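> dropping a prediction and its sequence here:
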Amino acid sequence: MHSTLASIGFDRHGAARDRTTLFSAAGLDWPDDADMEFDLGRFTHYPFSVDISNNRLLVALDRSGCIRRAVKAVGVQDVRGKFIPGVYIHKQMAFCEGHIGMDIAVNGRICQTPGLKFAEGVLPVFETCLDTTQFNTTTFVPQIGHDRPLCVIQLTTFTNDGDAPANIELRTHCETTGKKDTEPLDVTIAIVKDDNITNVESDETRQTNDFIIEAHQTVQFAFIADFSTNNENIKEFVSIPTIASALEATFNARKGTLGTLNIPEDPWFGEVTTRASELARQAMLLLDDGTSAGSFWGSNANPLPDVWTRDFGYSTMGVLESDPALANTAIEFLARYGIPAKAWQREAKMHPEATGFEHSLGNACLAIVLASMLVQRHGKTALTVDQSVFTTYIHQLAHDLIASRPKDDDLYETLYISDGPSRGDFHTGSNILAWAAATALIEDFSEMLNDGQAEALADIATSLKKALYQRCVRNICGKDMFVEGVDRNGNVIGVHDGEESDLTLASVYGFTTRDDRYIRNHAQWAHSTDDPYYAPITGGIDFWDFDDSNGITYPGTVHGLCGAGSRKELADALHRIRHTTDLDGSFWWWPFEHAEQDPSRVKRGLGKCGWCAGEFVSFMVHDIAGIRRNEDAKSITVAPYTPWNEFSWDGMSFCGGTINIHERKNTLTFCNNTTETLNTTLQIALQPGEMLEDVNLDGESRRYQAEVVYLRDCAAVRVHEQVKAGQTVTLQVKTRPNPQQNCR
């Protein structure tokens with residue numbers, strides 16, 4: 001029996017289990033005539049959906065668990081130089097939409113309006129009751145080891161708590177249509193009960209299955225929607241035990257390497273971290289051979305072919321933490337396509353001399369930065385990309401970084417962030433990514449470089465960092481801060497582009513600390529009326545461009561987390577995200593229209609946001625829980641700065657095992673469940689105004705060995721310890737209030 005989460009989802013009345021989300025008032029119905037991809041897709045207001053995927057098949061469910069859309073990839077098309085600037089690849093897809101599912105009637109009455117929870121935070125469980133009968137349906141796309149079948153299974157458990165038999169009718173339905181410019185995705189459905197299978201061989205068919213549940217009896221049955229070409233999955237999943245085994249294997253696959261964050265005083269934030277990891281994962285689509293076909297904007301199934309390169313890269317950051325095997329496919333994809341042969345589109349017409357490397361500096365650097373992050377978290381052997389593709393990419397990237405090397409105290413020029421033009425001649429975030437790429441090449445992949453390249457790249461990294469602080473840190477409104485970008489003549493870009501996220505992730509890349517005041521000041525400025533793109537009514541960054549279809553863009557909201565200078569400000573920033581998180585724990589790209597005047601009128605705009613899901617997971621691990629790992633060095637730092645009195649993070653993969661963390665007030669416990677001795681740094685952030693009395697590690701005083709550093713608004717106590725395999729250590733800091741506190 002898998003536990004279910006209480007805060008995310010909705011009850012049988014459609015009310016949010018988490019009553020603080022603005023989506024509690026939003027509609028759940030899926031209009032039958034909805035066309036979510038009409039000519040101007042930015043006006044789109046998607047219906048609510050619960051998404052499930054094994055990354056080969058992506059499926060959207062409506063509020064009752066009915067399959068409304070399904071999509072798989074059948075190929076890719078290189079469109080570099082031919083399409084909009086942020087899209088390098090089109091995925092070719094097979095697609096269908098309609099109604100695929102079943103209705104359940106008890107004693108002639110149809111069961112309606114189920115509630116929704118998530119088992120282990122990953123698989124949807126629809127639950128309802130009628131009379132004395134209760135129904136729980138777990139819906140999943142199977143993943144069994146490396147096998148990813150093209151089917152959806154709904155395993156339902158019936159319980160009759162009454163004293164009389166209950167007559168059950170299962171009314172299956174399967175009506176689908178295709179979509180222009182996609183291949184048809186055919187489906188066959190089946191019911192499995194008592195190891196008997198009833199097939200419906202084609203679309204546009206209905207069938208009723210009747211049976212009786214005796215008093216105080218529990219039975220199980222399964223509904224299968226098979227999207228394979230020869231009904232191979234209906235032939236495989238022929239019994240309830242077989243299906244139950246597939247469900248257990250899928251749970252094990254979904255559990256992944258991230259572990260579980262638990263916050264007793266407010267479980268929602270731990271649950272949404274798991275849901276964000278799922279959103280980032282489900283944004284990705286694999287071909288039948290296991291290679292990547294790219295991604296969607298997020299997890300909601302649609303027939304649009306575009307693969308937004310930057311969205312794909314940021315989604316991968318969330319997957320790095322939870323599914324390194326899947327992250328490898330993404331890194332290989334970005335290595336294969338990340339550096340185009342030439343620049344194109346509107347900015348390139350103004351700069352015909354620009355190279356493909358200069359088309360988008362950030363996109364060119366994503367693969368190596370992500371590969372470095374993967375290696376640090378999971379070790380060098382975890383990088384399993386095609387070596388020919390990866391080596392070619394590294395040689396090209398190193399050559400381009402060196403050949404385009406800026407003059408001393410200067411920065412790289414680039415045309416685009418993603419589809420939007422880079423702000424200024426020297427764009428700050430793109431140059432941070434270039435620094436991260438140069439650093440990754442010399443620290444993690446120097447053996448793949450040619451003679452002299454490591455030394456040249458080390459000089460470039462040093463020069464870039466110096467130039468970024470010299471050129472891109474300016475005094476704005478009385479505070480020194482990073483700016484969006486600068487021109488050659490020194491002019492400063494006076495806005496924050498809400499879809500610039502590399503300042504948000506600068507500490508994750510290792511460019512700076514999570515407490516860099518220049519980034520914090522920038523984030524605070526960006527979320528103030530001094531930024532002309534800030535929308536004070538809805539509290540986000542507006543991406544209005546050339547018409548009123550664009551609105552608040554969600555990466556700007558995530559950037560607000562960087563502005564927290566205290567625990568209270570961090571809590572406020574997290575709650576701003578909470579208010580616009582949907583009932584399934586997903587973020588939407590544009591939750592408010594341009595110039596929205598009602599801050600409670602959220603919308604499901606454009607699509608779910610895998611970009612922000614990846615950012616959020618990385619930020620929670622690195623900046624809030626303060627976890628930084630290096631598997632090959634067998635080193636780990638745990639330095640939480642949270643707004644909660646207590647939290648635990650259990651089961652995070654490291655060094656072939658797992659680590660567990662538990663912090664409560666001024667006590668931090670670390671458990672090494674690996675077979676290695678770990679070089680461990682533990683740090684406790686004190687409350688402002690506390691006076692340090694003593695520092696103990698496992699009851700032994702470390703007062704004179706401990707370091708005391710300053711973090712945001714408080715002092716923090718740090719100790720270093722070698723923690724042996726299987727060992728648990730506890731750091732405890734004793735304090736008392738300091739009545740003479742006079743902190744500047």
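Sure, I can see it. Numbering: from 1, shown residues only.
> can you classify the spatially closest residue to Phe654 that is not a sequence neighbour by secondary structure?
Distances taken as Cβ to Cβ, 6 or more residues apart in numbering put Arg629 closest to Phe654, at 5.7 Å, once the chain neighbours are dropped. Backbone N, C-alpha and C define where each C-beta goes, glycine included. Assigned with DSSP: H, G, I helix; E, B strand; the rest coil, Arg629 falls in the strand class.
> unless I'm mixing things up, Tyr641 is touching Met620, no?
No: with contact defined as Cβ atoms under 8 Å, Tyr641 does not count as touching Met620 (11.6 Å).
> please say which of these two ends up with more neighbours.
Comparing Tyr641 with Met620 by neighbour count (other Cβ atoms under 10 Å), the higher total belongs to Met620, at 25 against 22.
> leaving out sequence neighbours, find the closest residue to the more buried one.
Thr273 (5.1 Å).
> which phi and psi does that neighbour have?
phi -60, psi -40 (degrees, to the nearest 10).
> who touches it in this structure?
When contacts are counted by Cβ atoms under 8 Å, 6 or more residues apart in numbering, Thr273 touches Leu258, Leu261, Phe616, Val617, Met620.
> cool, Arg567 as well?
Taking Cβ under 8 Å, 6+ apart, one finds Tyr641, Thr642, Pro643, Asp713 in contact with Arg567.
> now Met284
Asn55, Ser292, Gly294, Ser295, Phe312, Ser315, Thr316, Val319, Leu326, Thr329, Ala330, Gly610.
> the fifth one: how many residues sit nearby?
It refers to Phe312. Using other Cβ under 10 Å, Phe312 is surrounded by 28 other residues.
> can you pull the domain assignment for this structure?
Domain assignment for the chain by automatic domain parsing gives 22-255, 625-737.
> out of these, which is closest to Val375?
Closest to Val375 of the domains of the chain, according to Cβ to Cβ: domain 625-737, at 7.2 Å.
> tell me which helix or strand the residue nearest to Asp444 when sequence neighbours are not counted sits in.
Sequence neighbours aside, Ser372 is the residue nearest to Asp444 in space, at 4.7 Å (criterion: Cβ to Cβ, 6+ apart). Element membership of Ser372, judged by DSSP states H and E, is helix 361-378.
> which strands and helices lie in contact with that helix?
Contacts defined by 3 or more Cβ pairs under 8 Å, 6 or more residues apart in numbering; DSSP states H and E place helix 361-378 against helix 309-322, helix 324-337, helix 387-403, helix 428-444, strand 627-630.
> let me know which of the ones you listed is tucked in deepest.
helix 309-322 (a mean of 29; mean count of other Cβ atoms under 10 Å).
> what angle sits between that helix and helix 324-337?
150 degrees (axes from the mean of the first three to the mean of the last three Cα atoms, to 10 degrees).
> return the set of residues that bridge with Cys174.
Beta bridges link Cys174 to Ile100, Thr205 when assigned by DSSP bridges.
> show me where the stretch 601-744 of the chain has strands.
For the stretch 601-744 of the chain, applying DSSP state E, counting those that start in this stretch gives strands covering 627-630, 635-638, 646-654, 657-664, 667-673, 678-685, 690-697, 700-701, 707-711, 714-723, 728-737.
> hang on, isn't the residue nearest to Asp444 packed against Glu443?
Yes: counting by Cβ under 8 Å, Ser372 touches Glu443, with 7.2 Å between them.
> and the strands of the stretch 601-744 of the chain: which comes nearest Gln470?
Nearest to Gln470 among those is strand 707-711; the distance by Cβ to Cβ comes to 24.5 Å.
> tell me the buried residues in that closest one?
Buried residues in strand 707-711, counted by 16 or more other Cβ atoms under 10 Å: Leu711.
> for it, which strands pair with it and how are they oriented?
strand 714-723 (antiparallel).
> who touches the strand it pairs with?
639, 641, 670, 672, 677-688, 690, 692, 695, 697, 702, 705-710, 729, 731, 733.
> quick one: name whatever helix or strand follows the helix or strand harbouring Arg275.
In the assignment (DSSP H and E), Arg275 maps to helix 268-282. Next in sequence after helix 268-282, counting helices and strands by DSSP H and E, comes strand 284-286.
> partner strands of whatever helix or strand comes next after that next one, with direction?
Moving toward the C-terminus from strand 284-286, the next helix or strand (DSSP H and E) is strand 292-295. Strand 292-295 has the following strand partners under DSSP bridges: strand 284-286 (antiparallel).
> what's the mean pLDDT across the strand it pairs with?
What strand 284-286 shows for mean pLDDT is 98.
> just stretch 165-173 next, same as before
89.
> got the CA coordinates for that stretch in CSV?
Output in CSV follows, covering the C-alpha atoms of stretch 165-173 (Å, rounded to 0.1, in the frame of the first residue of the first chain):
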residue,chain,number,x,y,z
PRO,A,165,-24.5,-6.9,-2.7
ALA,A,166,-23.7,-4.0,-5.0
ASN,A,167,-24.4,-4.3,-8.8
ILE,A,168,-21.6,-2.7,-10.7
GLU,A,169,-21.7,-1.6,-14.4
LEU,A,170,-18.5,-0.6,-16.2
ARG,A,171,-19.3,1.4,-19.3
THR,A,172,-16.2,1.8,-21.4
HIS,A,173,-15.9,4.5,-24.1
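> picking that back up, any chance of the contacts of Met284 in TSV, with pLDDT and distance to Thr658 too?
TSV is the format used below for the contacts of Met284 (pLDDT from 0 to 100; distance: Cβ to Cβ, whole Å):
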residue	pLDDT	distance to Thr658
Asn55	98	23
Ser292	98	27
Gly294	97	31
Ser295	96	28
Phe312	97	28
Ser315	97	24
Thr316	97	22
Val319	96	18
Leu326	97	19
Thr329	98	24
Ala330	98	24
Gly610	97	26
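> farthest pair within those residues?
So, these by Cβ to Cβ: farthest apart are Thr329 and Gly610, at 14.7 Å.
> neighbour-wise, which of the contacts of Thr273 leads?
Ranking the contacts of Thr273 using other Cβ under 10 Å puts Phe616 first, with 30 neighbours.
> so that one touches Gly318, yeah?
Yes: Phe616 is within contact range of Gly318, at 7.4 Å (criterion: Cβ under 8 Å).
> wait, Phe312 sits on Trp297?
No: using Cβ under 8 Å, Phe312 is not in contact with Trp297; the gap is 9.8 Å.
> mutual contacts of the two, please.
Ala283, Gly610.
> still on that earlier bit, lowest average pLDDT across the domains of the chain?
Mean pLDDT is lowest for domain 22-255 among the domains of the chain, at a mean of 89.
> chain center to it, what's the gap?
23 Å (Cα atoms, centre = their mean, to the nearest Å).
> and for the residue nearest to Asp444, the neighbour number?
So Ser372, with other Cβ under 10 Å, has 22 neighbours.
> next up, the contacts around it.
Ala436, Thr439, Ala440, Glu443, Asp444, Phe445 are the contacts of Ser372 under Cβ under 8 Å, 6+ apart.
> for stretch 446-458, buried residues please.
Met448, Leu449, Gln453, Ala454, Ala456, Leu457, Ala458.
> quick one: which of those is nearest to Ser388?
Nearest to Ser388 out of those is Met448 (Cβ to Cβ; 11.9 Å).
> what strand or helix carries the nearest residue in space to Ser463 that is not next to it in sequence?
Distances taken as Cβ to Cβ, 6+ apart place Asp408 nearest to Ser463, at 5.9 Å, with adjacent residues excluded. Assigned by DSSP H and E, Asp408 falls within no helix or strand.
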